[in-house]
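In: Pasting the sequence and the predicted model now:
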Amino acid sequence: MLQISNKISISDSEIEISAIRSQGAGGQNVNKVSTAIHLRFNIEASTLPAFYKEQLLKLNDRRINQEGVIVIKAQEYRSQEKNREEALQRLKQLILSAVILPQIRKPTKPTRSSQRKRIDSKTKRGQIKSMRKQVID
């Protein structure tokens, strides 16, 4: 079970995890041991609440493909178990980041004193520039 929050969790049967060989340099170990983890999670077929599903599908993330499947590849560590934990943590972070809604900005007006300061600084700057003009005798 992957615990997302106090009330929401994902069962292991919904998450498809397979071990694959890691990419890159690493010598003999990388060539014969499948330590990388390939995690697949179908958003639509999951037991997540509808709000979570909607928010996840709205995300513009390269890990979510057109069919609504989250694909995560973890190959940072040398052991399969650590990579498995890392992939599950990334899935959890992705789901949590999708449901955090940004705060709605309240439009505000500048204060009278800030408006006055702005106008005063503009007139002062204009006076400085006017002093640079050529004096005509």
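Out: The structure has been received and is ready for your questions.
In: residues near the closest residue to residue 43 other than its chain neighbours, how many?
Out: Using Cβ to Cβ, 6 or more residues apart in numbering and skipping residues adjacent in sequence, the residue nearest residue 43 is residue 68, 4.5 Å away. C-beta: built from backbone N, CA, C; applies to glycine. Residue 68 has 15 neighbours, counted by other Cβ atoms under 10 Å.
In: So residue 68 versus residue 109, what's the distance?
Out: 43 Å (Cβ to Cβ, to the nearest Å).
In: Please tell me I have it right and the residue nearest to residue 43 contacts residue 42.
Out: Yes: the pair residue 68 / residue 42 is scored as a contact, 6.7 Å apart, by Cβ atoms under 8 Å.
In: which stretches of the chain have low pLDDT?
Out: 26, 30 (pLDDT under 70).
In: Remind me which helix or strand residue 124 belongs to.
Out: helix 112-130 (DSSP states H and E).
In: Show me what counts as buried in whichever helix or strand residue 92 is part of.
Out: Assigned by DSSP H and E, residue 92 belongs to helix 80-99. Buried residues in helix 80-99, counted by 16 or more other Cβ atoms under 10 Å: 80, 83-84, 86-88, 90-91, 94-95, 98-99.
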